[in-house]
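[1] got a structure for you, letters missing:
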């Protein structure tokens with residue numbers, strides 16, 4: 001068994017959540033890092049390649065009152081973070097090729113299997129589906145399940161987005177099920193256990209250091225809150 005770290009962060013807004021993942025991607029504390037988001041307030045994230053104006057239009061059409069929107073470093077569509085269990089997983093990815101299908105298959109199969117072992121009637125979206133276009137119009141991530149998403153009664157409940165940086169992979173996942181945060185301790189145990197078994201990890205929970213928290217605050221202000229980042233396209 002290899003040691004993996006579960007980083008326990010304070011309650012953060014959506015901008016600081018993205019900064020936290022970037023900080024963890026850049027640190028060398030462990031090969032495997034898991035973080036569950038503790039939310040200070042609701043927020044909306046959208047994919048790295050989505051157009052800001054189209055995202056804002058889609059949010060208005062959805063009738064959401066959430067004001068804080070930030071571009072993720074990962075791909076995918078719009079995600080509303082108001083009652084979801086959100087998490088990130090950083091792990092080695094030394095392969096030269098970026099093959100997201102294989103990554104989703106491994107992660108989502110492991111998580112779905114653990115849920116089913118615990119009596120939850122979830123299924124993995126099988127077969128090939130068309131990958132949705134993230135723009136024209138801006139797509140909400142949970143409006144259309146695609147291959148390897150986790151479903152309940154044909155409704156998408158878990159999806160994720162990826163970014164490969166050098167020899168590391170960042171996965172940002174969202175579990176959206178009615179009342180998910182009321183049972184978040186249960187869902188966190190399922191997800192952590194699934195990843196532990198799949199990657200043969202023994203988790204150790206650690207806090208963010210004061211230095212990391214200060215770096216996180218600066219990065220949130222100087223990058224993730226800026227128009228340069230959020231309106232890059």
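    On my side now, so go ahead. Since the structure is predicted, the reported quantities are computational estimates derived from the model, not experimental observations.
[2] so where do the helices sit in this protein?
    All helices of the chain, identified by DSSP state H, fall at 14-26, 52-62, 100-117, 184-199, 210-219, 227-230.
[3] quick one: the residue lying closest to residue 104 once chain neighbours are set aside and residue 154, what's the gap?
    Nearest-residue entry for residue 104: residue 148, 4.3 Å, with adjacent residues in sequence omitted and distances by C-beta to C-beta, 6 or more residues apart in numbering. For the C-beta atoms, the positions are set from N, CA and C on the backbone; glycine is no exception. Applying C-beta to C-beta, to the nearest Å, the value for residue 148 to residue 154 is 15 Å.
[4] quick one, which of the two is more surrounded?
    Taking other C-beta atoms under 10 Å, residue 148 and residue 154 do not tie; residue 148 has more neighbours (23 against 8).
[5] Next up, the contacts around residue 20.
    Neighbouring residues of residue 20 by C-beta atoms under 8 Å, 6 or more residues apart in numbering: 7, 9, 12, 35, 208, 216.
[6] Just give the number of residues close to the last one.
    Same thing as residue 216. A count of nearby residues for residue 216, using other C-beta under 10 Å, gives 25.
[7] isn't it right up against residue 208?
    Yes. Contact criterion C-beta atoms under 8 Å: residue 216 and residue 208 qualify, at 7.1 Å.
[8] List the beta-bridge partners for the residue nearest to the spatial centre of the chain.
    Nearest to the mean C-alpha position of the chain, counting by C-alpha atoms, centre = their mean, stands residue 172 at 2.0 Å. Note on residue 172: beta-bridge partners residue 88, residue 161, judged by DSSP bridges.
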